[in-house]
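>>> Have a look; sequence and predicted model below, questions after that.
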Amino acid sequence: MKSDCIDIERIGEILALSENTPERQHVETCPRCSVLAASYHAFLQGTDVTGADTDDADRRLSQWRQQHIETPPPTRRDTELGGIFSTIFGGLSRRPALAMAAIVVIAAVVVWTNMDRTAEPVLRGNDTPAVQALALNAPVVRADGDVVLSWAPHEGAESYDVRFYAEDLFEIARFSTTTHTFVLSPGQLPGDLAGSALLWRVVVLQNGDEIEASAPGTIQAP
């Protein structure tokens, strides 16, 4: 969660502000806060279901349990807890839209909390290691059209794999080098990619194992 994201407890207060305030503008642009705002609106728009009778449902459920399940008599604590949950979920069952909105809010918070929010794209067609400490240098385009790629040398490297990915994040080519530079010339990549924006990444190899990798960089195919 970003530091300027709104707290769930303040969502009603924030949505009551004018649309040109910084807080409201943040809600419109932040994925987390916009999900919470949508869930809050759905919660407020919930309607009662005509004919809902939770007391009758509780009685029939109790009868079924007595007929099919042999359980010891409930303790005082069980009774107290049952009353609490009956009060909570009984009220929600009369307003199914509210119950669904509550579930959506909880799910949104759980998903956002566990979401991987790193900016790095997930590249496909490779099994590079998770560590990404290798630093890439900015590509240099020479007058002849070649693109010179370089990166910080790795002390334990026996060789490097230079891998290229298309816009759909699938690997399209890889080249091996024993130095910490690589020159990409016109014709080394498929012809239909000329001039396209590509991602590139360097993987450090030692004894045939991938021991380190860089974060993806961007270039334009020569």
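On my side now, so go ahead.
>>> From now on I want contacts and neighbour counts done on CA atoms only, so please keep to that.
OK.
>>> how many other residues sit next to residue 221?
Neighbour count of residue 221, defined by other C-alpha atoms under 10 Å: 25.
>>> Just to check, it is in contact with residue 193?
Yes - Residue 221 is within contact range of residue 193, at 6.5 Å (criterion: C-alpha atoms under 8 Å).
>>> Which parts of the protein belong to which domain?
According to automatic domain parsing, the chain comprises the domains 8-114, 140-220.
>>> and the last one, average pLDDT?
Mean per-residue pLDDT for domain 140-220: 90.
>>> next one: phi and psi at residue 59?
Per-residue torsions, residue 59: phi -60, psi -50 (degrees, to the nearest 10).
>>> Please apply the same query to residue 171.
Main-chain torsions, residue 171, degrees, to the nearest 10: phi -70, psi 130.
>>> That one bridge partners, please.
residue 165 (DSSP bridges).
>>> Let me know whether it touches residue 165 as I believe.
Yes - the criterion here is C-alpha under 8 Å, and residue 171 meets it with residue 165 at 4.3 Å.
>>> Those two: which is more packed in?
residue 165 (21 against 17).
>>> surely that one meets residue 173?
Yes - applying C-alpha under 8 Å as the test, residue 165 and residue 173 come out as touching, 7.2 Å apart.
>>> where's the residue nearest to residue 218 when sequence neighbours are not counted, which helix or strand?
Excluding its sequence neighbours, the residue lying closest to residue 218 (C-alpha to C-alpha, 6 or more residues apart in numbering) is residue 199, at 4.6 Å. Assigned by DSSP states H and E, residue 199 falls within strand 197-206.
>>> try residue 179
Using DSSP H and E, no element contains residue 179; it sits outside every helix and strand.
>>> Find me the pLDDT at residue 75, would you?
pLDDT, residue 75: 61.
>>> when you give positions from now on, start the count at 51
Sounds good: first residue 51 from here, last item residue 125.
>>> buried sites along stretch 203-212?
204, 207, 209-212 (16 or more other C-alpha atoms under 10 Å).
>>> And the residue nearest to residue 268, how far from residue 194?
Remark: distance between residue 249 and residue 194 (C-alpha to C-alpha, to the nearest Å) = 21 Å.
>>> so who does residue 253 touch?
By C-alpha atoms under 8 Å, 6 or more residues apart in numbering, the contact set of residue 253 is 178, 210-213, 260-264.
>>> nearest residue to it other than its sequence neighbours?
Leaving aside its sequence neighbours, residue 253 sits nearest to residue 263 (C-alpha to C-alpha, 6+ apart; 4.3 Å).
>>> Let me see the ranges of the helices in this structure.
Using DSSP state H, the helices assigned to the chain run over residues 61-65, 72-79, 81-94, 104-118, 126-144, 146-164.
>>> for the record, mean pLDDT for the second one?
Meaning helix 72-79. The pLDDT scores in helix 72-79 average 81.
>>> Could you list every helix and strand in contact with that helix?
Identification of packing neighbours for helix 72-79 by 3 or more C-alpha pairs under 8 Å, 6 or more residues apart in numbering; DSSP states H and E yields helix 61-65, helix 81-94.
>>> what's the angle between it and helix 81-94?
90 degrees (axes from the mean of the first three to the mean of the last three C-alpha atoms, to 10 degrees).
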